[in-house]
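S.K.: What would the 3D arrangement of this be:
(4 chains)
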Protein chains: 2
Amino acid sequence: MSKDFSTVLRTKGLKNTPTRKAILEVFPEDCKPINAEYIFDRLKKKDINLVTIYRNLDSFEQAGILKRLNLDKGSAYYELTGNHHHHHIVCTNCGSTEEFGAHDIENAINKISKSSLFGAINTHSLELFGVCKKCATVK
Amino acid sequence: MSKDFSTVLRTKGLKNTPTRKAILEVFPEDCKPINAEYIFDRLKKKDINLVTIYRNLDSFEQAGILKRLNLDKGSAYYELTGNHHHHHIVCTNCGSTEEFGAHDIENAINKISKSSLFGAINTHSLELFGVCKKCATVK
DNA sequence: TATCTAATTGCAAATTATTAACATTTAGTA
DNA sequence: TACTAAATGTTAATAATTTGCAATTAGATA
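M.R.: Numbers count the residues shown, from 1 in each chain, chains lettered A, B, ... in the order given. Have a look, this model is predicted:
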């Protein structure tokens, strides 16, 4: 069920290196967002330079393979660009995330985009912050 | 028309220092978000330490005097916690911001909050990114 | 009003996340 | 197989923010 990253890379005009495939393979199927450090840890045995990871995260984002998120966690998180547009709820206690998507929010945002004085609205970011069930009960 | 920051500080249990008032006075009435560096520059003649500014921005946010924003600009931006809830549109070209508020977006977010599996949703952040009219025409 | 104490500030150094410069290596093409 | 642009490793730099600690001060209290 795992994605064919070689093809993805080729399609995007990016060279198909073992390092790149290794990085992309770290990304969870379920779109859970991860950061550079996490990838670095997971690939410790492969001895991949952290700088290379940063560089590739950037390339992948440019290419549209990854989406960069702003989860207020101090570092940038990325997720595989899935086929469904969604947002995240972040637990301010443990950092866990959950995704959600809602048509009425997207519609409302689109309406704003159209009526805005701005020349063009290209993207948006929306995150909810709260306390997840686990943290809420443990406390 | 300018706010009485001494009272605000006292109310929040924060000591009423000249430094603090100076910092708060830098914040524009129109809620335009600013960052630590901007405040530092504006207060150069008062010779206030940048660390002190960072510390106070943090205290002020804790106290609810300021709101911290995530505008994808490399540093944290803050605005006076106004009485009206709103969000920002950020120009990805020049960094200028414009605010907007929309009831249907808030309502949709509230609905999500209620139906979420999360224990509690406390806050949310929503930013739109695009190119402002000025940048759109100049280009 | 003088004194006291916790809160605040300044200063220097540390940390964290990220980027830059540059030499070396390698994937993909000719 | 050779070539070249792209990718990688290494080291060092940068930007934003935080920490530790000593000196100062606001505001409470005697």
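
S.K.: Which strands or helices does the helix or strand harbouring A:Lys111 pack on?
M.R.: For A:Lys111, the element it lies in under DSSP states H and E is helix A:103-115. The elements that helix A:103-115 packs onto, with contact taken as 3 or more C-beta pairs under 8 Å, 6 or more residues apart in numbering or on different chains; DSSP states H and E, are strand A:120-131, helix B:103-115, strand B:120-131. (C-beta placed from N, C-alpha, C; glycine too.)

S.K.: relative to strand A:120-131, how tilted is it?
M.R.: Orientation check (axes from the mean of the first three to the mean of the last three C-alpha atoms, to 10 degrees): helix A:103-115 against strand A:120-131 gives 140 degrees.

S.K.: mind putting the helices and strands packed on helix A:103-115 in a markdown table, mean pLDDT included?
M.R.: Formatted as a markdown table, the helices and strands packed on helix A:103-115 follow (pLDDT from 0 to 100):
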| stretch | mean pLDDT |
| --- | --- |
| strand A:120-131 | 92 |
| helix B:103-115 | 89 |
| strand B:120-131 | 92 |
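
S.K.: among these, which is nearest DNA strand D?
M.R.: DNA strand D sits nearest to strand B:120-131 of all the helices and strands packed on helix A:103-115, at 14.7 Å, using C-beta to the nearest atom of the strand.

S.K.: Can you give the contact residues for the closest one?
M.R.: Applying C-beta atoms under 8 Å, 6 or more residues apart in numbering or on different chains, the contact partners of strand B:120-131 are A:70, A:72, A:89, A:92, A:109, A:112-113, A:116, A:118-131, A:136, B:69-72, B:87-93, B:100, B:105, B:109, B:112-113, B:139.

S.K.: What parts of chain A come near chain B?
M.R.: A:70, A:72, A:89, A:91-92, A:98, A:100, A:102, A:104-105, A:108-109, A:111-113, A:116-133, A:135-137 (C-beta under 8 Å from any C-beta of the partner chain).

S.K.: Just the CA coordinates for stretch A:29-42, please, in PDB.
M.R.: Listed next in PDB are the C-alpha coordinates belonging to stretch A:29-42 (Å, rounded to 0.1, in the frame of the first residue of the first chain):
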ATOM      1  CA  GLU A  29       0.600   6.900   5.800                       C
ATOM      2  CA  ASP A  30      -2.000   8.600   8.000                       C
ATOM      3  CA  CYS A  31      -0.600  12.000   7.200                       C
ATOM      4  CA  LYS A  32       0.500  12.700  10.800                       C
ATOM      5  CA  PRO A  33       2.800  15.700  10.600                       C
ATOM      6  CA  ILE A  34       6.500  15.200  11.500                       C
ATOM      7  CA  ASN A  35       9.500  17.500  11.700                       C
ATOM      8  CA  ALA A  36      13.100  17.400  10.500                       C
ATOM      9  CA  GLU A  37      14.400  16.200  13.800                       C
ATOM     10  CA  TYR A  38      12.000  13.300  13.800                       C
ATOM     11  CA  ILE A  39      13.100  12.200  10.400                       C
ATOM     12  CA  PHE A  40      16.800  12.500  11.500                       C
ATOM     13  CA  ASP A  41      16.200  10.300  14.500                       C
ATOM     14  CA  ARG A  42      14.300   7.700  12.500                       C
END
